[in-house]
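Asks: need a 3D model of the sequence below.
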Amino acid sequence: MSNQPRYLNDRDPWMLAEDIPEIDFQFSQIWLSSFVNDLEKVCGKNYKKILSVYRGYSLKFYYGEHDSDAFGRHLLKLLITKPGFGKLLNSKIRIYSDKFKQFCRKITQGRLKSFSNRELAKFYMDLDKLHTKLYSYGWLPNAVDMFHTNFTNYLKALLKKRLPEGRVNPALVALSVFPEKSIINIEHESFLKLVALKQAGAASRLLRKAINTHLQRFFYLKHLWLGKEGVYTYGYYLKEINHFIKSKEGAAELLNKENKIFKQTLAERTRLVKDLKLDKKQKELFDVYAEFAVTKAYRRDAQLYWAYKMDFIFKELSQRLKISFMQSRFMSPAEIVKALRRGIDKNLKKEITKRTKYCAYYAEKGIDRIYYGKEAEKLEAATFRENVAVEELEGQSACLGKARGTVKVVNTVADMKKMKQGEILVSIATNPDIVPAMKKAAAIVTEQGGITSHAAIVSREMGIPCVIGTKIATKVFKDGDLVEVDANKGIVKKL
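Replies: The predicted model follows:
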């Protein structure tokens, strides 16, 4: 292959894939590179090109619009025509998430200190290879549905042949619930059990032990990618328990109510499969579709643990290479390994400093390049699309229901303080660290995400009306706007 990019200036327009407010170059480069180099090992195809733009810790990344749709259609064809492909994906995501998390448990400050530079380089390289392997399987559920809803549209078409238009979305939502609860729901139920213990008058010793058990399992979920808010602590959970109790709601009753709804939804799912006369192949597709939401959360759990553990590695790198903590997060895996083996030169230090402020990263198979200054500005300008002024948006129904309320745009932990009970949470894409705000919402609206997205999973498991994949919600709706969310139809309207 020529060393010159083939697709950088082709006629396929750039399409915004994700807008992530708080993330670093090192982490995102792992998966961006894998998208154009490694996915074909699992599914026989890569994306042709990827472009990402960094402004400090803020990232926007782009696909070719036609390329990403072609990739989604390719995956859908495999799911339809290759028996067991979807089941294999879900199985491999679990297997490699477990392996990845187990490897991350080896990351301790003492262990890292004991390594020579070459040993640390090998350890880091092994971790990177395992992470890339996980992404080779773990990204595909997103790719088949998150950007062009290829999988969702196919399943909707199946349902439209059997149901009136008004019953399609409710049926799809019911069929997208998997019998196994996601890690998100497991953490939520574990917390409610803590509240129920205190509400039942449990001895302080027993409650303390239960909180510590919960903390040991879930402490890192707050860390997210940068760890700006730290991790969950004993004091945090004690405060949240007391805050819940002030709401006068019974945790045990809420648990029973949510479990009852879950069982009813599964019963409805079983009834639909029978009434719709789905054949074995079609039922398997709906099963795979539903399990994608569970395995995405499973993969994300392992990666959040990795992100927490990576702080130890970044601190060690910054000390050994005599660079700042932020600079260590803006090196590629290859640069990290080379710097540990041969030392870091002044030119690379200067480049890394530029990256922490503003840069563009482009990759296609066998090629990756970083652009600065006017070159980066020119690439970013090529992604610009003017938003059309609209009063109504359409997306995908993730959880049924209707709600009216005042908009609050919540993308980060810092935004959560704006959120009041009964308001409409609008977000680019929700993350585990803003779940407390999501619990207050009368409805949730996101720009990004498919049926496997965090917002879709949380909304279904908490029974909150939700519309996902509106593409421009945070550009159209601002804090204080009065909106109506009709998640039965997937419509959000400014009033």
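Asks: from now on I want contacts and neighbour counts done on CA atoms only, so please keep to that.
Replies: Fine.
Asks: elements contacting the biggest helix by length in the chain?
Replies: Taking DSSP state H as the criterion, the chain has its longest helix at helix 280-321. Counting by 3 or more CA pairs under 8 Å, 6 or more residues apart in numbering; DSSP states H and E, the packing neighbours recorded for helix 280-321 are helix 85-104, helix 109-114, helix 165-175, helix 183-199, helix 325-328.
Asks: relative to helix 85-104, how tilted is it?
Replies: 20 degrees (axes from the mean of the first three to the mean of the last three CA atoms, to 10 degrees).
Asks: got the angle between helix 280-321 and helix 165-175?
Replies: 60 degrees.
Asks: mean confidence (pLDDT) on helix 280-321, please.
Replies: The predicted model assigns helix 280-321 a mean pLDDT of 96.
Asks: how far does that helix sit from the chain's center?
Replies: Relative to its chain's centre, helix 280-321 lies at 9 Å (CA atoms, centre = their mean, to the nearest Å).
Asks: quick one, it and helix 183-199 angle?
Replies: Going by the same axes, to 10 degrees, helix 280-321 is angled at 80 degrees with respect to helix 183-199.
Asks: could you say what helices and strands the lowest-mean-pLDDT helix or strand in the chain packs with?
Replies: Within the chain, no helix or strand scores below helix 454-462, which has a mean of 83 by mean pLDDT, DSSP states H and E. Applying 3+ CA pairs under 8 Å, 6+ apart, we find helix 454-462 packed against helix 183-199, helix 251-275, strand 396-399, strand 443-446, strand 466-468.
Asks: one more time with 6 Å
Replies: Applying 3 or more CA pairs under 6 Å, 6 or more residues apart in numbering; DSSP states H and E, one finds that helix 454-462 contacts strand 396-399.
Asks: neighbouring strands - and their directions - for the strand it packs on?
Replies: strand 466-468 (antiparallel) (DSSP bridges).
Asks: looking at the strand it pairs with now, give me its mean pLDDT.
Replies: 91.
Asks: what does stretch 353-366 give?
Replies: The model assigns stretch 353-366 a mean pLDDT of 96.
Asks: endpoints of that stretch, how far apart?
Replies: 25 Å (CA to CA, to the nearest Å).
Asks: kindly calculate the angle that the longest helix of the chain makes with helix 454-462.
Replies: 120 degrees.
Asks: quick check: angle from helix 280-321 to helix 251-275?
Replies: Helix 280-321 and helix 251-275 are oriented at 130 degrees to each other (the same axes, to 10 degrees).
Asks: deepest-packed of the helices and strands packed on helix 280-321, please.
Replies: helix 325-328 (a mean of 21; mean count of other CA atoms under 10 Å).
Asks: Tyr47: which element?
Replies: Taking DSSP states H and E as the definition, Tyr47 sits outside all helices and strands.
Asks: how close does it get to Asp433?
Replies: 30 Å.
Asks: got the CA positions of the least confident helix or strand of the chain in CSV?
Replies: What follows is helix 454-462, C-alpha atoms only, in CSV (Å, rounded to 0.1, in the frame of the first residue of the first chain):
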residue,chain,number,x,y,z
HIS,A,454,-26.1,3.4,27.8
ALA,A,455,-29.2,5.7,27.7
ALA,A,456,-31.2,2.9,26.1
ILE,A,457,-30.2,0.4,28.7
VAL,A,458,-30.7,2.6,31.7
SER,A,459,-34.0,4.0,30.5
ARG,A,460,-35.5,0.6,29.9
GLU,A,461,-34.3,-0.7,33.3
MET,A,462,-35.7,2.3,35.1
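Asks: pull out the buried positions in stretch 8-18.
Replies: 8, 13-18 (16 or more other CA atoms under 10 Å).
Asks: those in strands, which ones?
Replies: 14-18 (DSSP state E).
Asks: who touches Lys257 in this structure?
Replies: Residues near Lys257 by CA atoms under 6 Å, 6 or more residues apart in numbering: none.
Asks: and the gap between it and Ala251?
Replies: Distance from Lys257 to Ala251, counting by CA to CA: 10 Å.
Asks: now do Phe312
Replies: The value you get for Phe312 to Ala251, if CA to CA is used, is 37 Å.
Asks: please parse this protein into its domains.
Replies: Domain assignment for the chain by automatic domain parsing gives 14-145+291-381, 163-276, 392-494.
Asks: the nearest residue to Ala210 once chain neighbours are set aside and Phe244, how far apart?
Replies: Nearest non-adjacent residue to Ala210, counting by CA to CA, 6 or more residues apart in numbering: Leu194, 6.7 Å away. Distance of Leu194 to Phe244, given as CA to CA: 11 Å.
Asks: what of Val390?
Replies: Val390 is 38 Å from Phe244, by CA to CA.
Asks: please say which of those two ends up with more neighbours.
Replies: Using other CA atoms under 10 Å, the more surrounded residue of Val390 and Phe244 is Phe244, with 15 against 12.
Asks: which element, helix or strand, includes Leu425?
Replies: Going by DSSP H and E, Leu425 is part of strand 424-427.
Asks: show me what that strand packs onto, helices and strands only.
Replies: Right, strand 424-427 is packed against strand 402-409, strand 443-446 by 3+ CA pairs under 6 Å, 6+ apart.
Asks: same thing but 7 Å
Replies: Counting by 3 or more CA pairs under 7 Å, 6 or more residues apart in numbering; DSSP states H and E, the packing neighbours recorded for strand 424-427 are strand 402-409, strand 443-446, helix 473-476.
Asks: just these: most buried one?
Replies: strand 443-446 (a mean of 31).
Asks: alpha carbons of that one, as PDB, please.
Replies: The C-alpha coordinates for strand 443-446 follow below in PDB (Å, rounded to 0.1, in the frame of the first residue of the first chain):
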ATOM      1  CA  ALA A 443     -37.600  11.600  30.000                       C
ATOM      2  CA  ILE A 444     -34.200  11.200  28.400                       C
ATOM      3  CA  VAL A 445     -33.200  12.400  24.900                       C
ATOM      4  CA  THR A 446     -29.800  11.700  23.300                       C
END
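Asks: Leu482 reaches Val407, doesn't it?
Replies: Yes - using CA atoms under 7 Å, Leu482 is in contact with Val407, at 6.3 Å.
Asks: can you pull out the helices in the stretch 1-150 of the chain?
Replies: Assigned by DSSP state H, counting those that start in this stretch, the helices in the stretch 1-150 of the chain fall at 25-37, 40-43, 65-81, 85-104, 109-114, 117-138, 140-143, 150-160.
Asks: gap between the residue of the chain positioned farthest from its centre and Lys209?
Replies: Within the chain, the residue lying farthest from the chain centre (CA atoms, centre = their mean) is Ala203, at 38.2 Å. Here the criterion is CA to CA. By it, Ala203 lies 10 Å from Lys209.
Asks: over to Phe147?
Replies: 44 Å.
Asks: out of these two, which sits in the busier spot?
Replies: Phe147 (22 against 11).
Asks: next up, the contacts around the more buried one.
Replies: Phe147 makes contact with Ala17 under the criterion CA atoms under 7 Å, 6 or more residues apart in numbering.
Asks: and Ser459, how many neighbours?
Replies: 21.
Asks: whoops, I mixed them up, Cys359
Replies: By other CA under 10 Å, the residues close to Cys359 number 26.
Asks: so it touches Tyr372, yeah?
Replies: Yes - between Cys359 and Tyr372 there is a contact under CA under 7 Å: 4.9 Å.
Asks: which one of the helices of the stretch 1-150 of the chain lies nearest to Lys198?
Replies: Across the helices of the stretch 1-150 of the chain, Lys198 has its closest neighbour in helix 85-104 (32.1 Å, CA to CA).
Asks: that concludes my questions; thank you for your assistance.
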